[in-house]
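Asker: turn this into a model:
(chains A and B)
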Number of protein chains: 2
Amino acid sequence: MAARKLLIDVHTHVYLPRYASVLRSRPTAPRILSRPTPNGSGTEERLVILENEPSGGRPVGPQYWDRDEKLSFMDKHGIDISIVSTANPWLDFLSPAEAPSIAESLNADLESYCSTAPSFSSLSRLYGFGLLPLLPSVPASVLLRIIDQIASLPHLKGVIMGTRGLGKGLDDEALEPVWEALAREGLVVFLHPHYGIPSSEWGERENGHVLPLALGFPFETTIATTRLILSGVLDRHPALRLLLAHSGGALPQLSSRLASCIDHDPLVAARLRHDARWYLGRLWFDAVAYGREELAFVAECVGRADSYDKSHQRALGAARLLFGTDHPFFPPLQDTETWHSVTENLEAIAGVEGWSEEERENVRGGNAARLFGLV
Amino acid sequence: MAARKLLIDVHTHVYLPRYASVLRSRPTAPRILSRPTPNGSGTEERLVILENEPSGGRPVGPQYWDRDEKLSFMDKHGIDISIVSTANPWLDFLSPAEAPSIAESLNADLESYCSTAPSFSSLSRLYGFGLLPLLPSVPASVLLRIIDQIASLPHLKGVIMGTRGLGKGLDDEALEPVWEALAREGLVVFLHPHYGIPSSEWGERENGHVLPLALGFPFETTIATTRLILSGVLDRHPALRLLLAHSGGALPQLSSRLASCIDHDPLVAARLRHDARWYLGRLWFDAVAYGREELAFVAECVGRADSYDKSHQRALGAARLLFGTDHPFFPPLQDTETWHSVTENLEAIAGVEGWSEEERENVRGGNAARLFGLV
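Answerer: The predicted structure is shown next:
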């Protein structure tokens, strides 16, 4: 019962010190560079995730790697437990030769980061998503070995994953043994964007990070998830647990259009076991959408999913949504007490019409506690 | 009052005979080509909108150009009035030298198509959206002349427009006089996708048209509308009436994320007069989303828009949604009596929870009657 009252953050990132060192050693993006502060009094570090970022990247500091900063952020916002994940772009920029051993070291680091953190009752305040070296030509045997490693580390509850897979996306048949192993081990896959869509789409006007972050990120997640559905991965691996960043991007709003387009494309329709909308009931969604109508709508799309199946089993939409913050991204512009990007997601959960207080508690923490086996 | 009972289709396409002739004369896409039928008994025409389309394009026939077929489709589905628009890709493939005169001829053709159609009471059964020759290097004076032409043709109520503008998108400053003239003339801009996003995003698997149609189209509309908002067009032209295809794509679901990203990007935030969500209340959306939860959600996003403004004027979400069919696209796979792509949108309108019967009638036709001045 205690678990129902927990506030659990499922979307919160870290660059472990080992990872930050790798970024500091690089001459090209992704990298961390040092430059003089604007007033010339010292140096500051900037994080450049993609080449040619506006304003030379974003400020980066201990909030990205210092565990005390994470715990302090959690205390400030009443967050009991965080399921921490390496921020994008993960290991995507490494060579296939070096990535596996760095993945193993970072997974061990993250286990240590979590296991030596403060705890309460029988729970730690920190759990984590591990990393897989998903790069072209990395053999399945290596990926399976590292899945075994993650499954053996008691504080790691899943893996965070981008959308490129082994270079051909997540609908690549070569990933079949990976899905099979992740499902078997009960590891949650946190699917997270990094690349957006080609920047040619954003035009010539200066709009800062707005378009790639507000639209490109959720588009990428929507495409990757749709391609997974169309490839039959969710049909073949019903036990696979997939958590979508940013409330699934645009997938819920486009899901009936997707179903209609599939209906009118007989080759694709014949390949799938279910209506496209049914699969949304098999997914999990973080509640990082910044608005209560958005959350209510995602919950409705999950809630209606089983009406697109003959068996009519019942799914409650709110049971698939999980609180998250995206910390340390979206910091406040002023050094205010709490982060607006956090409070507006908490207010959204509090404000969804038609949810009971129990359902709100579940979105805040109960669902995560069950998903990650913390009860 | 009679207008409230009308069923009006705002999203329905035509290739006028003159336009089809242009497509038949072309050696590359977009084109209409003839090929032997699969059983060798004759020839069939295929429409190839983009190069390298799966299955060599789609069947095309009199449903695209024959007015009797449009009227027969309307009768079959109880549609009283259609606001007909040229289907994509409009004039985008023409040279800037030839496009203006072809636009004027097609606008005159469409006026004739509508004005000689059956009528009832004082209304025609057909109205139209005109075409502008939006191509690089076409001077504003030519565009303004053709806007004047369209405004002078009594059955043309607006223009249909893609997202490329004069080659740099709709946030191009060179379009300022166009927005100004369209707003002044009270012409509705029907914003419609064609290009989607780069096909590199769809991966290597064969998924037919599903990904570009189900995701690429709405992404394109979302990007174009967001860029319009960010460029201040809606701030500078409050009288501009913009109707978004496919219920605005993903814009409603991403609008709170968009607002949050703008909030955290001070340069962009300072440029806009309103929260991003406010602008959704200034837009119109066709009801071509294929699901009732989607429609209800769009209406909620419109309904909440004014809460993001200091003046707190009231907008009813359902007043901005308009029935549409996307005819002649999405035909049934079998030659059934009615088109599933039509009935599921009608069922969606009938099924939205919380709408009164009057609101449903308005989405079916009353809103369009008012928007297009048919009452």
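Asker: every contact and neighbour count from this point should use C-alpha atoms.
Answerer: Fine.
Asker: show me which residues of the stretch 101-250 of chain A are close to chain B?
Answerer: A:168-169, A:171, A:197-198, A:201-205, A:207-211, A:213-215, A:219, A:223, A:227, A:230-231, A:249-250 (Cα under 8 Å from any Cα of the partner chain).
Asker: now residue A:108: closest residue in space that isn't a chain neighbour?
Answerer: With sequence-adjacent residues excluded and distances taken as Cα to Cα, 6 or more residues apart in numbering or on different chains, residue A:108 is closest to residue A:153, at 7.8 Å.
Asker: residue A:93 now?
Answerer: residue A:30 (7.6 Å).
Asker: identify the residues contacting that neighbour.
Answerer: Neighbour list for residue A:30: A:23, A:47-51, A:89, A:93 [criterion: Cα atoms under 8 Å, 6 or more residues apart in numbering or on different chains].
Asker: per-residue pLDDT, it?
Answerer: The confidence metric pLDDT takes the value 94 at residue A:30.
Asker: look up how far residue A:87 lies from it.
Answerer: From residue A:30 across to residue A:87, the span is 11 Å (Cα to Cα, to the nearest Å).
Asker: got it, and residue A:343?
Answerer: From residue A:343 to residue A:87 the distance is 21 Å (Cα to Cα).
Asker: again with residue A:354
Answerer: 34 Å.
Asker: check residue A:131 too.
Answerer: 10 Å.
Asker: more crowded one of the two?
Answerer: For the pair residue A:131 and residue A:87, the greater number of neighbours falls to residue A:131 (28 against 24), based on other Cα atoms under 10 Å in any protein chain shown.
Asker: what residues does the stretch 251-375 of chain A put near chain B?
Answerer: Residues of the stretch 251-375 of chain A lying near chain B (Cα under 8 Å from any Cα): A:253-254, A:256-258, A:260-262, A:264-265, A:267-268, A:289-291, A:293-294, A:297, A:300-301, A:330-333, A:341.
Asker: how about a cut-off of 7 Å?
Answerer: Within the stretch 251-375 of chain A, the positions near chain B by Cα under 7 Å from any Cα of the partner chain are A:253-254, A:256-258, A:261-262, A:264-265, A:268, A:289-291, A:294, A:297, A:330, A:333.
Asker: so where's chain A shaky on pLDDT?
Answerer: Low-confidence segments of chain A (pLDDT under 70): A:1-4, A:54-55, A:310-317, A:333, A:335-336.
Asker: helix or strand: which one has residue A:84?
Answerer: strand A:81-86 (DSSP states H and E).
Asker: what lines up beside that strand in the sheet?
Answerer: strand A:8-14 (parallel), strand A:126-130 (parallel) (DSSP bridges).
Asker: contacts for it?
Answerer: Strand A:81-86 has contacts (Cα atoms under 7 Å, 6 or more residues apart in numbering or on different chains) with A:7-15, A:125-129, A:160.
Asker: residue contacts, residue A:31?
Answerer: Per Cα under 7 Å, 6+ apart, neighbours of residue A:31: A:23-24, A:47-49.
Asker: could these go into JSON lines alongside neighbour count?
Answerer: As requested, those are exported to JSON lines (neighbours: other Cα atoms under 10 Å in any protein chain shown):
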{"residue": "A:23", "neighbour count": "21"}
{"residue": "A:24", "neighbour count": "18"}
{"residue": "A:47", "neighbour count": "21"}
{"residue": "A:48", "neighbour count": "22"}
{"residue": "A:49", "neighbour count": "20"}
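Asker: narrow the residues you listed to those in helices?
Answerer: A:23-24 (DSSP state H).
Asker: farthest-separated two in the contacts of residue A:31?
Answerer: Using Cα to Cα, the pair of the contacts of residue A:31 lying farthest apart is A:24 and A:49, separated by 12.0 Å.
Asker: and residue A:120, backbone torsions?
Answerer: phi -150, psi 150 (degrees, to the nearest 10).
Asker: which residues does it bridge with?
Answerer: Beta-bridge partners for residue A:120, by DSSP bridges, are residue A:123.
Asker: what's the neighbour count on it?
Answerer: Residue A:120: 9 neighbours (other Cα under 10 Å).
Asker: cheers, nothing more for now.
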